[in-house]
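Chemist: Quick one: sequence plus predicted model below, questions after.
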Amino acid sequence: MAAVVGSVSGSVPGSGSQKRVRFGSVEPALLAVFKQLEPLAAVLTLGVCALIFRVPFTPSVGAVAVLAFVMWGRVFGRPHADDELSSRSHASVFGRIIIEWSAIVGVLLLSGFAFKVTEQFSRAMMLTWFTVTPLTLYAVHVARLRAQWFISNSDLAPTYLIIGANTVGFELFRRLPRKGFLGFFDFRSADRLPDTIDPAHLIGHCKDVAEFARTRGVTSIYIALPLSNVPRIGEMIRELRDTTASIYFVPDVFAFDLIQGRLVQINGMPAISVCDTPFHGMDAVSKRVTDILLASFALLLLAPLMLLIGIAVKLTSRGPILFRQRRYGLNGEEILVYKFRSMTVTEDGAVVTQATKSDKRVTPLGRFLRSSSLDELPQLLNVLEGKMSVVGPRPHAVAHNEQYRKLINGYMIRHKVRPGITGLAQVNGLRGETETVEKMSERVRFDLEYLSHWSPWLDIKIIFKTLWVIARDNNAY
């Protein structure tokens, strides 16, 4: 379980030194090693394939190994990937590994063709590597699960106490292994505990926890008391310093509606992210690089079709080929979004009327473009500009934003990321007109869910599901 390691460097008054809190993990060393083996396994598999086919390990092969290592370790090997896979079946995990590895293979092939270096590689070696690596990655994943089970259910499991027989304490108890759990301590008696807590698990009052920890040699103590008990918590921590137990404070972050809830550090000071963008650090880099690659590839592939659509728009109705409309982008800043014009009007004022099923403003060609989402293709240019992403919350007209931000709680949070050409709401039946506040609220709910659960894997699923929805759905008009 990831946690803030409570080691604070001492400071001498007047010395100018600052207290700092480092971020780390409380997982056993063996599990930490296994987590690093997956990207290494992909590289080792490439090396084995090179030996089998007697291919020298040239700088080009080394570059492929490094690229695969970085992509698997940083893009798909995210810190909470284990949490996402913990409840999945083995078949589901293997399927996900295949799809994620296919995405990496696609990037490698695209890079090879772009730099014209494919002839430097043995086709037999590369095809074998592409095929065998998912099996290797799955084997490492299974080995890690076995190691985790062994550690959690053997005598190696550390003993621990939870101070706070409340909702947070019970949630922590539910997530930790049963092996090693000694019981709850609380300031309350058993008859005042929530129904979710078994009274038999309450083994003492908080005033006795230090003595219990000393005599039983407790390894870890988790404090899950409300922040209102800070004076008592401080006194208890002072008493617990006379033990050898590791002490962790678990705040009740679940009391808030979290958007990208996580622990962060601000120049050495710990903070809890309650509402934040998922795109910081390398996650922001990987998202932007992916957007540029996908948009560039799509524009190269679809340029002839876009040229034909532009000519058709010009020949079939009066007006510009492209429709530019002001919408809100990242951090609520206004951007100009491009679309092929599909109406006889180009509304962008204080009032913008959404298109309806039998809207007379929609041209015959425009009706086809809207139902097939081909009118959205110019937004690939917005992606290259950095104004939009391939996947994200759909941008709404400024007039609609000003209307709904007053009616829907949390509406503007969706602008903490770049708007997308497609999004989670659109692949869940909310594509097209949102004629009621309830429908818009549902769309916003999916947008916030996207922010809370973003991963590269989720983007891939949305892209593929979008193609399926466009082929079957008739909600856009």
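Modeler: Arrived safely, thanks for sending.
Chemist: May I see the buried residues of the longest helix seen in the chain?
Modeler: Ranked by residue count under DSSP state H, the longest helix found in the chain is helix 281-316. Using 16 or more other C-beta atoms under 10 Å as the test for burial, helix 281-316 gives 283, 286-287, 290-291, 293-295, 298-299, 306, 309-310, 313. Bear in mind the C-beta positions are built from the backbone N, C-alpha and C, glycine included.
Chemist: Then stretch 423-431?
Modeler: Those would be 423-428, 430-431, for stretch 423-431 by 16+ other C-beta under 10 Å.
Chemist: now swap in stretch 401-409 and tell me
Modeler: Here stretch 401-409 shows 401, 403-405, 408 as buried, counting by 16+ other C-beta under 10 Å.
Chemist: Adding secondary structure, write the residues you listed out as JSON lines.
Modeler: As requested, these are exported to JSON lines (DSSP: H, G, I helix; E, B strand; the rest coil):
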{"residue": "N401", "secondary structure": "helix"}
{"residue": "Q403", "secondary structure": "helix"}
{"residue": "Y404", "secondary structure": "helix"}
{"residue": "R405", "secondary structure": "coil"}
{"residue": "I408", "secondary structure": "coil"}
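Chemist: Out of these, the closest to F69 would be?
Modeler: Lowest distance from F69 to those (C-beta to C-beta) belongs to N401, with 42.4 Å.
Chemist: So among the buried residues of stretch 423-431, where is pLDDT lowest?
Modeler: Least confident of the buried residues of stretch 423-431 in the model: R431, at 76.
Chemist: rewinding a little: quick one: which of the buried residues of stretch 401-409 is nearest I163?
Modeler: Comparing those against I163 with C-beta to C-beta places I408 closest, at 39.8 Å.
Chemist: Against L258, how distant is the closest one?
Modeler: I408 is 18 Å from L258, where distance means C-beta to C-beta, to the nearest Å.
Chemist: ok, back up a step: mind checking how far the longest helix of the chain is from the chain centre?
Modeler: 24 Å (C-alpha atoms, centre = their mean, to the nearest Å).
Chemist: The helix or strand just after it versus helix 281-316: what angle between them?
Modeler: As assigned by DSSP states H and E, the chain's next helix or strand after helix 281-316 is strand 322-328. On the basis of axes from the mean of the first three to the mean of the last three C-alpha atoms, to 10 degrees, strand 322-328 is oriented at 140 degrees to helix 281-316.
Chemist: Output the contacting helices and strands for strand 322-328.
Modeler: Using 3 or more C-beta pairs under 8 Å, 6 or more residues apart in numbering; DSSP states H and E as the contact criterion, the elements in contact with strand 322-328 are strand 334-340, helix 398-404.
Chemist: List just the nearest of the buried residues of stretch 423-431 to S189.
Modeler: For these, the nearest to S189 is L424 (46.6 Å; C-beta to C-beta).
Chemist: Relative to N401, how far out is that closest one?
Modeler: Shown here: L424 relative to N401, a distance of 19 Å by C-beta to C-beta.
Chemist: for K287, same thing?
Modeler: Using C-beta to C-beta, K287 is found at 23 Å from N401.
Chemist: And for G429?
Modeler: Per C-beta to C-beta, G429 is found 22 Å from N401.
Chemist: Using the record's assignment, carve the protein into domains.
Modeler: Residue ranges for the domains of the chain, per automatic domain parsing: 29-152, 303-472.
Chemist: hey, where'd the strands end up in this protein?
Modeler: 2-8, 21-25, 160-163, 181-186, 202-205, 220-223, 246-249, 262-266, 269-273, 322-328, 334-340, 389-391, 420-422 (DSSP state E).
Chemist: so what pLDDT did the residue nearest to L330 when sequence neighbours are not counted get?
Modeler: Nearest non-adjacent residue to L330, counting by C-beta to C-beta, 6 or more residues apart in numbering: R418, 4.8 Å away. What the model reports for R418 is a pLDDT of 94.
Chemist: burial of E100, as a residue count?
Modeler: Number of residues near E100 (other C-beta atoms under 10 Å) recorded here: 21.
Chemist: my guess is it meets W457, correct?
Modeler: Yes. Look at E100 against W457 with C-beta atoms under 8 Å: they come within range, at 6.4 Å.
Chemist: low-scoring stretches of the stretch 1-150 of the chain, by residue?
Modeler: 1-21, 23, 28-31, 34-35, 74-88 (pLDDT under 70).
Chemist: repeat that for 80
Modeler: Counting by pLDDT under 80, the stretch 1-150 of the chain shows low-confidence ranges at 1-38, 72-90, 144-145, 147-150.
Chemist: Now do stretch 275-283: distance to the chain's middle.
Modeler: Counting by C-alpha atoms, centre = their mean, stretch 275-283 is centred 9 Å from the centre of its parent chain.
Chemist: State the distance from L44 to W129.
Modeler: Going from L44 to W129 by C-beta to C-beta gives 11 Å.
Chemist: between the two, who's got more neighbours?
Modeler: W129 (27 against 14).
Chemist: any idea how far the nearest residue in space to the more buried one that is not next to it in sequence lies from V55?
Modeler: The spatially closest residue to W129, leaving aside those adjacent along the chain, is C49, at 4.5 Å (C-beta to C-beta, 6+ apart). Applying C-beta to C-beta, the value for C49 to V55 is 8 Å.
Chemist: overlap in contacts of the two?
Modeler: Counting by C-beta atoms under 8 Å, 6 or more residues apart in numbering, the residues touching both C49 and V55 are M125.
Chemist: re the thing from before, what's around the residue nearest to L330, how many residues?
Modeler: Neighbours around R418, by other C-beta under 10 Å: 25.
Chemist: hmm, back to that, out of the buried residues of stretch 423-431, what pair is the most spread apart?
Modeler: L424 and R431 (11.2 Å).
Chemist: who touches stretch 444-458?
Modeler: Contacts of stretch 444-458 (C-beta under 8 Å, 6+ apart): 75-76, 78, 81, 84, 96, 99-100, 103, 258-261, 277-279, 286, 290, 392-393, 404, 408, 410-411, 413-414, 416-417, 423-425, 428, 430.
Chemist: With distance to D375 as extra columns, can I get the buried residues of stretch 423-431 in CSV?
Modeler: Formatted as CSV, the buried residues of stretch 423-431 follow (distance: C-beta to C-beta, whole Å):
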residue, distance to D375
G423, 16
L424, 21
A425, 18
Q426, 14
V427, 18
N428, 21
L430, 18
R431, 13
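Chemist: from those residues, which is closest to F254?
Modeler: Taking C-beta to C-beta as the measure, F254 sits nearest to L424 out of these, at 22.5 Å.
Chemist: Does that closest one touch I463 like I think?
Modeler: No. Judged on C-beta under 8 Å, L424 makes no contact with I463 at a distance of 11.3 Å.
Chemist: Which neighbours do the two have in common?
Modeler: By C-beta under 8 Å, 6+ apart, no residue touches both L424 and I463.
Chemist: Check which helices and strands the longest helix of the chain is in contact with.
Modeler: Counting contacts by 3+ C-beta pairs under 8 Å, 6+ apart, helix 281-316 packs against helix 90-114, strand 334-340, helix 364-371, helix 379-385, strand 389-391, helix 456-472.
Chemist: Deepest in the core, which of the ones you listed is it.
Modeler: Ranked by mean neighbour count, the helices and strands packed on helix 281-316 are led by strand 389-391 with a mean of 26 (mean count of other C-beta atoms under 10 Å).
Chemist: Using JSON lines, lay out the helices and strands packed on helix 281-316 together with distance to D155.
Modeler: Formatted as JSON lines, the helices and strands packed on helix 281-316 follow (distance: least, C-beta to C-beta, whole Å):
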{"stretch": "helix 90-114", "distance to D155": "27"}
{"stretch": "strand 334-340", "distance to D155": "60"}
{"stretch": "helix 364-371", "distance to D155": "64"}
{"stretch": "helix 379-385", "distance to D155": "55"}
{"stretch": "strand 389-391", "distance to D155": "47"}
{"stretch": "helix 456-472", "distance to D155": "37"}
